[in-house]
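Asker: Structure, please.
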Amino acid sequence: MKPVPSQPEEATCSFCLRPANEVATLVRGPGVYICTECVRTCSEILAGGASPASGQVPWERQLSDEELLAQLPRLAAVGAQAEAAIGELVRKGRAQGVTWTRIGAALGMTRQSAWERFSGEE
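Answerer: Down below sits the predicted model:
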């Protein structure tokens, strides 16, 4: 994993759901991102075996109605990031000769469903 060099606007922390323009740095994984604040929070949890000093991690705090509604499109963006990563792996698998049957089985769907979802053909 490495920091996202240009931090594209659509990249969103998969933990706190803040977009790239609201965080210092995002670290990219396969279909996910994590910001420096969430890395710090995770490090505190791992080091102490408990929640950080605040007693609450940012992604588990109680949200107002407005905050909750604001989070919905951000969570949808995280889902789109994961979906794009899945599609990329499927394309790589197909380029390597992996069959639609095996791809479907790996995703818990039929060969036909995998083909319809990822082939790009209609």
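
Asker: can you give me the helices for this protein?
Answerer: Chain-ordered helices for the chain, with DSSP state H as the definition, fall at 36-48, 65-95, 100-106, 111-118.

Asker: quick one: low-confidence ranges for the protein?
Answerer: Residue ranges of the chain with pLDDT under 70: 1-9, 49-60, 121-122.

Asker: Now mean neighbour count and distance to Leu26 too, for the helices of the chain, in JSON lines please.
Answerer: No exception for glycine: its C-beta is placed from N, CA and C like everyone else's. As requested, the helices of the chain are exported to JSON lines (neighbours: other CB atoms under 10 Å; distance: least, CB to CB, whole Å):
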{"stretch": "helix 36-48", "mean neighbour count": "14", "distance to Leu26": "8"}
{"stretch": "helix 65-95", "mean neighbour count": "13", "distance to Leu26": "11"}
{"stretch": "helix 100-106", "mean neighbour count": "16", "distance to Leu26": "27"}
{"stretch": "helix 111-118", "mean neighbour count": "16", "distance to Leu26": "26"}
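
Asker: and of those, who's closest to Ser14?
Answerer: Shortest distance between Ser14 and the helices of the chain, using CB to CB, is found for helix 65-95: 5.0 Å.

Asker: Apart from its chain neighbours, what residue comes closest to the spatially most central residue of the chain?
Answerer: Among the residues of the chain, the smallest C-alpha distance to the mean C-alpha position (CA atoms, centre = their mean) belongs to Val32, namely 3.0 Å. For Val32, ignoring the flanking residues on the chain, the nearest one in space by CB to CB, 6 or more residues apart in numbering is Ser14 at 4.2 Å.

Asker: Residues contacting stretch 86-103, please?
Answerer: Identification of contacts with stretch 86-103 by CB atoms under 8 Å, 6 or more residues apart in numbering yields Pro30, Gly31, Leu107, Arg111, Gln112, Ala114, Trp115, Phe118, Ser119.
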